[in-house]
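A.B. asks: Fold the following, please.
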Amino acid sequence: MTLGSCHSNAPYFNLADGDADRWSSTYCRIFFWIGLLVVVSAMSIRVGIAAAPEGREGSMAGIAGKDDRSSSASEADREKNWPQLLGPKASVSTAAGLPTNWNGESGEGIKWKTQIPLPGYSSPIYWNGKLFLTGANASIRVVYCIDAASGEILWERQVKNIPGSPRSVGVGQDTGYAASTMATDGFRIFASFANGDLAAFDLEGTPIWSKNLGKPENLYGHASSLVTYNDNLLIQYDQDNLGYVASLDVATGIERWKTKRDLGASWSMPLVVMIGDRAEVILAGEPAVVSYDLKSGKELWRLDCLKYGEVTAVPVYAEGLVYVSADSANLSAIDIKTREIVWESGFLKSGVSTPLLYEGLLYCGSDDGAFVCYDAETGEELWAEFSNDGFYASPILADGKVHLLDRSGRMHILKHGRELKILGQPFLGEEASSSPAVVGDSFYIRGLKHLFRIGP
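C.D. replies: Okay, here's the model as predicted:
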């Protein structure tokens, strides 16, 4: 029986009289109204989901829908990829067979370079053969997906029409509107922008959810990068007023907790470490390092050591010590149990760039062009060298070597160890301030205008 075959008679129940025709009509009308209700409900649900248009263009409005998958990628899968700023293991890559010589101007060693339509200082992230990064100007915010093998832009999605999104924000020239690096949990990708817009997509570019984090009140706009940990998306939103740290559910964007921060503006990102059987979220800001419980957001401890600093570098941790640094504050090593400073340096230190900690050595690239190596336990300066250009990109350990990209686009490749040995200084061919993604046998580096793949 189809809906179209039903009669339009009013319901009439008289089974005792054997009125089969009227019973059939009534039965049909019941099915008709049930069917109509199902269709209307289905249409209502679809209206609440922002469509992912075909091709490279796309947009989203408000909370676009939800993703029922609550799982996240395994640690083994994360280590094969580059899921967030500084990768899966705090700037240490398992990549091997990387080149030590290339030239972006001549094309030597360049597998491909792709022009990114909109500017941005966000670093690329990588998942299963795809690269993701953002670009934006004062009015347009876009997420790009790029094929890692060919450099082709597979799709791009605009982030717009989000309730509460401010019409305009002020940003610094060195920061721009797309400075926050994306993150992925292996199923979804997450992007944020200078105006506080935050959006989640699946790996094919279908919108999942979006929201605005609040209008930024600082010199540079929102520039802190995103972090995923299991099924948590962690947000550091330090402002001159109304700053906070929050954990969101990756599938829905719903807040699990949100803790107010009574600190000044900063542009670092959260560090999650296991202390015993408890996961702590450690944040650096002006003027303090503060740790929070991952499950509840409750503040666990704090130490004032970053006063007057424009804090951008991310905390790093190993062997019971947390290291923090800022341009106008000291580089400090903090004992996580006693909450005391073990050693500090006020001269050669990281500013924008995050230090690299590996096998007891701490490598720092400074804003004014110094790169230095410390004994991580004692603070002894082992060696220092100077470049003509400062470092905004963070050093990466890969293939047994330290790689520091300066702002002119020159990569300083150093032998890992307590003595300085420069192995190469290849040139990208354009300015660069973003940190590389390093996967397989290749570097993926964002320059001022292009994204490069550099490999054998």
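A.B. asks: can you count the residues close to the nearest residue to Cys364 once chain neighbours are set aside?
C.D. replies: Nearest residue to Cys364 in three dimensions, chain neighbours excluded: Ser350, at 4.3 Å (CB to CB, 6 or more residues apart in numbering). C-betas here are computed from N, CA, C, even on glycine. The tally of other residues near Ser350 (other CB atoms under 10 Å) stands at 30.
A.B. asks: can you confirm Leu234 is in a strand?
C.D. replies: Yes - under DSSP: H, G, I helix; E, B strand; the rest coil, Leu234 falls within a strand.
A.B. asks: Next, the residue nearest to Cys364: secondary structure please.
C.D. replies: Ser350 is classified as coil under three-state DSSP.
A.B. asks: Check it and give its pLDDT.
C.D. replies: Per-residue confidence at Ser350 stands at 96 (pLDDT).
A.B. asks: contacting residues around it?
C.D. replies: 313, 325, 331, 364-366, 391 (CB atoms under 8 Å, 6 or more residues apart in numbering).
A.B. asks: any low-confidence regions in this structure?
C.D. replies: Applying pLDDT under 70 to the chain flags residues 1-70.
A.B. asks: Just give me the residue closest to the centre of it.
C.D. replies: What sits nearest the mean C-alpha location of the chain, by CA atoms, centre = their mean, is Met182, with 2.7 Å.
A.B. asks: May I ask you to confirm that it is in contact with Leu226?
C.D. replies: Yes - Met182 is within contact range of Leu226, at 6.3 Å (criterion: CB atoms under 8 Å).
A.B. asks: So for these two, which residues contact both of them?
C.D. replies: 84, 190-192.
A.B. asks: how far does stretch 197-210 stretch from start to finish?
C.D. replies: With CA to CA, to the nearest Å as the measure, the ends of stretch 197-210 fall 8 Å from one another.
A.B. asks: To what extent is Gly400 buried, counted in neighbours?
C.D. replies: Taking other CB under 10 Å as the criterion, the count of residues near Gly400 is 10.
A.B. asks: residues contacting it?
C.D. replies: So Gly400 contacts His416 (CB under 8 Å, 6+ apart).
A.B. asks: could we number from 736 for the rest of this?
C.D. replies: Sure thing, new numbering starts at 736, so read that last one as Gly1135.
A.B. asks: how close does it sit to Leu1092?
C.D. replies: Distance of Gly1135 to Leu1092, computed by CB to CB, to the nearest Å: 16 Å.
A.B. asks: Same check on Gly1020?
C.D. replies: Gly1020 is 20 Å from Leu1092, by CB to CB.
A.B. asks: Which one's more surrounded, those two?
C.D. replies: Using other CB under 10 Å, the more surrounded residue of Gly1020 and Leu1092 is Gly1020, with 26 against 22.
A.B. asks: For the more buried one, give its distance to Asp997.
C.D. replies: Look at Gly1020 and Asp997: by CB to CB, they are 10 Å apart.
A.B. asks: list residues touching both of the two?
C.D. replies: Counting by CB under 8 Å, 6+ apart, the residues touching both Gly1020 and Asp997 are Gly978.
A.B. asks: quick one, domains of this structure?
C.D. replies: As given by automatic domain parsing, the domain ranges for the chain are 738-779, 783-1189.
A.B. asks: re earlier: so which of the shared contacts of Met917 and Leu961 comes closest to Asn863?
C.D. replies: Taking CB to CB as the measure, Asn863 sits nearest to Gln819 out of those, at 14.9 Å.
A.B. asks: excluding its backbone neighbours, what's nearest that closest one?
C.D. replies: Gln819 sits nearest to Ala918 (CB to CB, 6+ apart), 4.1 Å away.
A.B. asks: Tell me how many other residues surround that neighbour.
C.D. replies: By other CB under 10 Å, 24 other residues sit near Ala918.
A.B. asks: The one 3 residues further on now?
C.D. replies: When neighbours are defined as other CB under 10 Å, Gly921 has 19 of them.
A.B. asks: For the stretch 1036-1185 of the chain, just list every one of the helices.
C.D. replies: Using DSSP state H, counting those that start in this stretch, the stretch 1036-1185 of the chain contains no helices.
A.B. asks: distance of the spatially closest residue to Phe1106 that is not a sequence neighbour from Ser1088?
C.D. replies: Nearest residue to Phe1106 in three dimensions, chain neighbours excluded: Gly1100, at 4.8 Å (CB to CB, 6+ apart). Noted for Gly1100: a distance of 4 Å to Ser1088, by CB to CB.
A.B. asks: Same question for Lys815.
C.D. replies: 25 Å.
A.B. asks: what's the answer for Gly940, then?
C.D. replies: Going from Gly940 to Ser1088 by CB to CB gives 31 Å.
A.B. asks: Same question for Arg876.
C.D. replies: The value you get for Arg876 to Ser1088, if CB to CB is used, is 25 Å.
A.B. asks: Gln893 now?
C.D. replies: Counting by CB to CB, the gap from Gln893 to Ser1088 is 31 Å.
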